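>>> fold the following and give me the result.
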Amino acid sequence: MSTTTRPTEDTAADNGGGVLAARLTGLGREEFAREVWGRVPSLTRAADDFSDLFSARAVDELVSRRGLRTPFLRVAKNGATLPDSAFTAPAGVGATIADQLDDTALWRSFADGATLVLQALQRTWEPVADLTSRLGTELGHPVQANAYITPPQNRGFDDHYDVHDVFVLQIAGTKRWILHEPVHPDPLRDQPWTDHRAEVAAAAEGEPWLDTVLEPGDVLYLPRGWLHAAQAQGEVSIHLTLGVHTWTRHALAEHLAQSALALLVEDEEMRGSLPLGWDGPGDELALVRERLAAALTRADPAPRVQRVRRSQSRPEPLGPLAQSAALAALAPDVPLRLRGALAARLDGRRLSTRVGWLDFAEADLPSVRRVLDGEVHTAGDLGLALAERLLRTGVLVPAGA
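The predicted structure is shown next:
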């Protein structure tokens, strides 16, 4: 069972550093890792003013003017999720896609006590996208964002746990949060709370570990597995949930095993058929264990892990027209920079990024290394031919972008 240490409550100050210290917890990454990460919930009062990130006006714009489709929104009431057909409809001439959000139906559901959940805001709302990208880079784990909009005195979901860590940012209104300790600590992605429904219900009847009300600007961090339920108070509540999809040692073990199995494909004896009349592992298992153990010692999961990590987040948005204009105006004095959140890595002469890989001549490597420092460089400093190539492939962008 996780520790029962009481939560920390601080008034955060922007003490420099990354998103954790400046906007969420008042703690630098090392202190957060040592005292909080994956261990215990943490409550930070008045962490920051989040009006630049999200608002009631942003909710209305996303729901009524952006042409969003499912699954960018779901609707919940009394602990259950409504079917998509309850709040979607064709959007009329020129936009006859059947699952676009129906703002009238959403209003009626909301007025009737339903919670609106705007999902994957890192794809649809720029300020949130910027924050999640920076936080994911700082944590080393991918981050996504949902917004929960709950009518007064209502709750969207019953007591449950998440299979990812979360930061809850209260945007508007107030919401009461009740936490209980885990019944299944550190759940994996395929171990949802519904697998432990009875234990969750029983634990939720016990004494809360924390019972508190979040006000605008407060931040609550919850490690995966911690039971929680939340209810809006006397007005509409809006909060952002930043979901941190943590990498685990189990995940590394999976990739190691897959890499070992890939090596065994080249073992002719392992590809051989089992004897006729085979009726169970028996003696054959000893050989398989021996060969698999040997393959595990030789396997290198790093390339597989890097590919998956890159696929879990997106690079900084790139505007095709702005990029085209930058190419047309390319000159020695044009300032350029590395595209954000690219996860660029130079191994030998190969640059691997979230938008693909490139091989370079030895003479280009010093300029490629300069690009990776994250600073602004002129096209002339890098070499016009190299700068053009990196612009065309979406690795570099104009410094003003």
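
>>> give me the low-pLDDT residue ranges for the chain?
1-17 (pLDDT under 70).

>>> so what's the residue positioned nearest the centre of the chain up against?
In the chain, the centroid-proximal residue (CA atoms, centre = their mean) is residue 143; its distance is 2.1 Å. Contact analysis of residue 143 by CB atoms under 8 Å, 6 or more residues apart in numbering lists 122, 132, 133, 135, 136, 242, 243, 244, 245, 313. Quick note: C-beta positions are derived from backbone N, CA and C, even for glycine.

>>> pretty sure the last one sits against residue 141.
No. Contact criterion CB atoms under 8 Å: residue 313 and residue 141 do not qualify, at 9.6 Å.

>>> now do the shared contacts for these two.
What both residue 313 and residue 141 touch, as defined by CB under 8 Å, 6+ apart, is an empty set.

>>> check which helix or strand residue 135 maps to.
Counting by DSSP states H and E, the element that carries residue 135 is helix 126-139.

>>> got it, and residue 250?
Using DSSP H and E, residue 250 falls in helix 249-264.

>>> so how far is that helix off the chain centroid?
23 Å (CA atoms, centre = their mean, to the nearest Å).

>>> residue 191 contacts residue 182, doesn't it?
No. Between residue 191 and residue 182 there is no contact under CB under 8 Å: 11.3 Å.

>>> for the closest residue to residue 400 other than its chain neighbours, what are its contacts?
Closest residue to residue 400 apart from its sequence neighbours, by CB to CB, 6 or more residues apart in numbering: residue 335 at 7.5 Å. Residues in contact with residue 335 (CB under 8 Å, 6+ apart) are 376, 377, 378, 398, 399, 400.

>>> bridge partners for residue 335, pull those for me.
residue 378 (DSSP bridges).

>>> for it, give its distance to residue 381.
10 Å (CB to CB, to the nearest Å).

>>> any shared contact partners between the two?
Contacts common to residue 335 and residue 381, judged by CB under 8 Å, 6+ apart, are absent.

>>> would you map the helices across the stretch 51-200 of the chain?
56-65, 103-111, 126-139, 197-204 (DSSP state H, counting those that start in this stretch).

>>> mind listing what's buried in the first one?
It stands for helix 56-65. For helix 56-65, burial by neighbour count (16 or more other CB atoms under 10 Å) applies to 58, 59, 62, 63.

>>> tell me where the stretch 251-400 of the chain has strands.
335-338, 345-347, 350-353, 356-359, 377-378, 396-398 (DSSP state E, counting those that start in this stretch).

>>> likewise the stretch 101-250 of the chain?
Under DSSP E, counting those that start in this stretch, the stretch 101-250 of the chain gives strands at 115-118, 143-150, 165-172, 175-180, 210-214, 219-222, 227-232, 237-244.
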